[in-house]
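model this:
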Amino acid sequence: QAHLAESGGGVVQAGGSLRISCAASGRTVSTYAMGWFRQAPGQEREFVAAISWTIDTTYYADSVKGRFTISRDNAKNTVYLQMNSLKPEDTAVYYCAASRRWTIMVVAPEYWGQGTQVTVSS
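Purely as a prediction, here's the structure:
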């Protein structure tokens, strides 16, 4: 089992930066793959980024590649998403997710946080 809690969302101007965090709790959560998804109003939830528990593998959606960076601190059971060069189309609720298997992290993670709102104003 894993419990995920996001923080750090807010309002930022286009071109700005924001870092959101996800604190994870659970006995073996440090061995889980973790990642971020987002859902804009009226749209389906989409994958944003993922990182393996060994920290040697990351994967990004094309829409954020080069602008967003995912990282994690296993000692703190925390994953971060650094978002730079933000665009109005990045506005969404951002959800933290975790999976015991890397192979399903991108499509069907088992555990989800409640989400944090990120709004990018133009």
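
Kindly provide the distance from Ala33 to Glu44.
The spacing between Ala33 and Glu44, counted by C-beta to C-beta, to the nearest Å, is 21 Å. C-betas here are computed from N, CA, C, even on glycine.

out of those two, which sits in the more crowded spot?
Ala33 (24 against 7; other C-beta atoms under 10 Å).

tell me the contacts of the more buried one?
Going by C-beta atoms under 8 Å, 6 or more residues apart in numbering, Ala33 touches Ala50, Ile51, Ser52, Trp53, Ala98, Ser99, Arg100, Arg101, Trp102, Met105, Pro109.

Can you give me the neighbour number for the closest residue to Arg27 other than its chain neighbours?
Of all residues not flanking Arg27 in the chain, Gln1 sits nearest, at 7.7 Å (C-beta to C-beta, 6 or more residues apart in numbering). The number of residues packed near Gln1 is 9, by other C-beta under 10 Å.
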